[in-house]
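[1] build the 3D model from these lines:
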Amino acid sequence: MLPAANAFDDRRSPAARRHAARLADVLASGGDQRIRPDAGGRNQYHATVLPSDALAYGSSTISSISDHSFTALLDCWHDRLDRPMAAGDYAEALAMLRLRIAEHFGLTDTAIVFAASGTDLEYVGLAAANDGRPITAVLLGRDEVGSGCVHSAAGRFFAAETAIGARVVAQTAIDPVFARTELVDVAVRDAAGRPRASAAVAAELALHIDRAAAQGRRAVVHVVHGSKSGLTLPAVADVERLAEAHGDAATFVVDACQLRMNHNAVRCYLALGCVVLMTGSKFVGGPPFSGIALVPGSVRNRAQPLPEGYRRVATRAEWPADWPGADTLAASGNFGLLLRLQAGMIEMERFAALPDEKVAGVIARFSHHVMRMVKRLELTEVPGAGTSCLATETLRTLDLSARWPDCDFDAAKAMHGHIARHSRQWFGHEIRLGQPVKTHQMPGGGAAGTLRLSLSMPLITDLAELPMAALDARLDRDLSLVGAAISAAASMTLARPRPASID
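    Sure thing, here's the model as predicted:
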């Protein structure tokens, strides 16, 4: 039984505590080692399976389930948690979830595929593109997407165990059809950390598509909408031009796993024939890991049967029944994935009910207080794309090396761990920030140290209930603690950090 997080109400009845502990066990099942909690009830990202009272500004990386979603799942499933999920029940529940997703985003003629993580979703794009020719996978910004994507985007296993429990050899092809896949990396930033121009990125992608076609290969081109640091590249208009010019020679996959985008953008990409990947954690704020792929009907209609190797990474119900070859997958249930997906859907629907002006107000005050903290600590922010959208407004990347010149990527990782493990002892509050991301090089070489601050759907929903004065007071307190935690972690990690100015 997993230990309770601080937010867990131990005044519940013994039966309610048993149900809650069982739900926590289920939520941590049906995935790979990344989701499994340690003896302290935390996964490798320091997130708990149970709801937590942490100051959670790390939704760019991971999130713990909210009290609201946890309670909703308990109310729905408490009498079923001790029974395995039958294949038929799993298929029925996922079919209902497909209807909710289609209604939520306003989708028509869209195939919806589920997977245990955003990394696993890469196999959907490959299935959509597979026509028997070898594939050239063009991955945009490998440091700003999931770390395992360099393997899964190329049709390789990214770990020694898949989400359905199959033992495999990491970095080998999931099926012989992908054995000749080549991976091409396209940068989203220059060495100084400045985002590349959309037109330049699009032009480079076009060159790789033409090169693949000349070699008798099919290109799978990844674009990104809301990277780890909030970048969207190329711009949607450039994606449209690429799709119109090269649609028959390439399959376009949109990495929108952060899901920091509006519904119009989702429908626009689908109308262009793009496969859209998203997750129910991160910005959505559901428990990790849960993946959703949206595939335009036109793409599904020309798809080849799923290669046999997909039997080791997916089950039958996770693919639409009319997808060629889906009936060859094993029929089994994944209770954990289902509940994680449902929790994410709960948060999406709750967030969608908020008035736009409430959301905008919370985001504006968050931005104000982040800038105050950055100034107080004498940090800088990693440059964004210069456009205002949900991805840039709800996710901020701090350049720690601006104040601490010796703070490289490894030092930032150490600081991130110190904050996660010691902040409650330091300040009486656990603090969660987004993991470092490699965005630019230090003058002497090596990746600079960064940390990320981000809002999530559940956090915005909670903050939106506060009057303006209370909202400012809450954000001022939270960001002051975040700043103090960064300084404390730096003093543990770095030699003689330069003191910050006092404003």
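
[2] how many neighbours does the nearest residue to residue 130 once chain neighbours are set aside have?
    Among residues not flanking residue 130 along the chain, residue 304 sits closest, at 5.2 Å (CB to CB, 6 or more residues apart in numbering). To be clear about C-beta, it is placed using only N, CA and C from the backbone, and glycine gets the same treatment. Neighbour count for residue 304, taken as other CB atoms under 10 Å: 14.

[3] same thing with residue 210?
    Neighbourhood size, residue 210 [other CB under 10 Å]: 15.

[4] ok, the one 10 residues further on next?
    Number of residues near residue 220 (other CB under 10 Å) recorded here: 28.

[5] now name the helix or strand holding it.
    Using DSSP states H and E, residue 220 sits within strand 218-225.

[6] by contact count, what packs against the helix or strand following that strand?
    Using DSSP H and E, the helix or strand that follows strand 218-225 in sequence is strand 232-233. Applying 3 or more CB pairs under 8 Å, 6 or more residues apart in numbering; DSSP states H and E, one finds that strand 232-233 contacts strand 218-225.

[7] low-confidence stretches in the chain?
    Residues of the chain meeting the criterion pLDDT under 70: 1-12, 385-388, 495-503.

[8] per-domain residue ranges of it.
    Domains of the chain are assigned by automatic domain parsing as 23-82, 87-348, 356-493.

[9] if we can go back for a sec, tell me the contacts of the residue nearest to residue 130?
    127, 130-132, 324-325 (CB atoms under 8 Å, 6 or more residues apart in numbering).

[10] if we use 7 Å, what do you get?
    By CB atoms under 7 Å, 6 or more residues apart in numbering, the contact set of residue 304 is 130-131, 324.

[11] ramachandran angles for it?
    phi -80, psi 160 (degrees, to the nearest 10).

[12] list the buried residues in the helix or strand in which residue 459 is found.
    Residue 459 is part of helix 457-463 when elements are defined by DSSP H and E. Within helix 457-463, the residues that count as buried by 16 or more other CB atoms under 10 Å are 457-461, 463.

[13] can I get these in JSON lines including distance to residue 26?
    Formatted as JSON lines, the buried residues of helix 457-463 follow (distance: CB to CB, whole Å):
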{"residue": "457", "distance to residue 26": "22"}
{"residue": "458", "distance to residue 26": "20"}
{"residue": "459", "distance to residue 26": "24"}
{"residue": "460", "distance to residue 26": "27"}
{"residue": "461", "distance to residue 26": "24"}
{"residue": "463", "distance to residue 26": "29"}
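
[14] just the closest of those to residue 375, please.
    residue 463 (21.9 Å; CB to CB).

[15] all the strands of the stretch 101-250 of the chain, residue numbers only.
    Assigned by DSSP state E, counting those that start in this stretch, the strands in the stretch 101-250 of the chain fall at 110-115, 135-140, 182-186, 218-225, 232-233, 250-255.

[16] for residue 168, find the nearest of these.
    Short answer: strand 110-115, nearest of these by CB to CB, at 15.4 Å.

[17] packing partners for that closest one?
    helix 87-105, helix 118-129, strand 291-296, helix 297-301 (3 or more CB pairs under 7 Å, 6 or more residues apart in numbering; DSSP states H and E).

[18] still on that earlier bit, which one of the strands of the stretch 101-250 of the chain lies closest to residue 332?
    Closest among the strands of the stretch 101-250 of the chain, using CB to CB: strand 110-115, at 13.5 Å.

[19] how far does the closest one sit from its chain's centre?
    Distance of strand 110-115 from the chain centroid (CA atoms, centre = their mean, to the nearest Å) equals 16 Å.

[20] any buried residues in that strand, and which?
    Buried residues in strand 110-115 (16+ other CB under 10 Å): 110-115.

[21] can you check stretch 59-79 too?
    Buried-residue list, stretch 59-79, by 16+ other CB under 10 Å: 59-74, 77-78.

[22] ok, the residue nearest to residue 250 when sequence neighbours are not counted - contacts?
    Leaving aside its sequence neighbours, residue 250 sits nearest to residue 219 (CB to CB, 6+ apart; 4.1 Å). Counting by CB under 7 Å, 6+ apart, residue 219 makes contact with 136, 138, 208-209, 212, 249-250.

[23] which elements pack onto the lengthiest helix in the chain?
    Criterion DSSP state H: the longest helix present in the chain is helix 468-493. In terms of contacts (3+ CB pairs under 7 Å, 6+ apart), helix 468-493 is packed against strand 55-57, helix 356-377, helix 409-427, strand 431-433.

[24] repeat that for 10 Å
    Applying 3 or more CB pairs under 10 Å, 6 or more residues apart in numbering; DSSP states H and E, one finds that helix 468-493 contacts strand 55-57, helix 356-377, strand 395-399, helix 409-427, strand 431-433, strand 450-454, helix 457-463.

[25] okay, the angle between it and helix 356-377?
    Here helix 468-493 runs at 40 degrees with respect to helix 356-377, directions being taken by axes from the mean of the first three to the mean of the last three CA atoms, to 10 degrees.

[26] now the angle from helix 468-493 to strand 450-454?
    Angle of helix 468-493 versus strand 450-454, following the same axes, to 10 degrees, is 160 degrees.

[27] so which bits of helix 468-493 are buried?
    Within helix 468-493, the residues that qualify as buried are 471, 474-475, 478-479, 481-490, 493, counting by 16+ other CB under 10 Å.

[28] returning to what we had before: what about the residue nearest to residue 130, distance to residue 172?
    Distance, residue 304 to residue 172, using CB to CB, to the nearest Å: 21 Å.

[29] also residue 472?
    53 Å.

[30] which residues does residue 182 contact?
    134-138, 154, 212, 215, 217 (CB atoms under 10 Å, 6 or more residues apart in numbering).

[31] by neighbours, which of those residues wins?
    Most surrounded of those: other CB under 10 Å gives residue 137, at 31 neighbours.

[32] of all the contacts of residue 219, which two lie farthest apart?
    Within those, 138 and 249 form the most distant pair, 11.8 Å apart (CB to CB).

[33] any shared contact partners between the two?
    Counting by CB under 10 Å, 6+ apart, the common neighbours of residue 138 and residue 249 are 209, 212, 219, 221.

[34] quick check: residue 47 touching residue 62?
    Yes: with contacts counted by CB atoms under 10 Å, residue 47 reaches residue 62, the gap being 4.6 Å.

[35] identify the contacts common to these two.
    In terms of CB under 10 Å, 6+ apart, residue 47 and residue 62 are both contacted by the residues 35, 56, 281, 287-288, 432.

[36] mind putting these into a markdown table with distance to residue 102?
    Formatted as a markdown table, the shared contacts of residue 47 and residue 62 follow (distance: CB to CB, whole Å):
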| residue | distance to residue 102 |
| --- | --- |
| 35 | 27 |
| 56 | 29 |
| 281 | 21 |
| 287 | 23 |
| 288 | 24 |
| 432 | 32 |
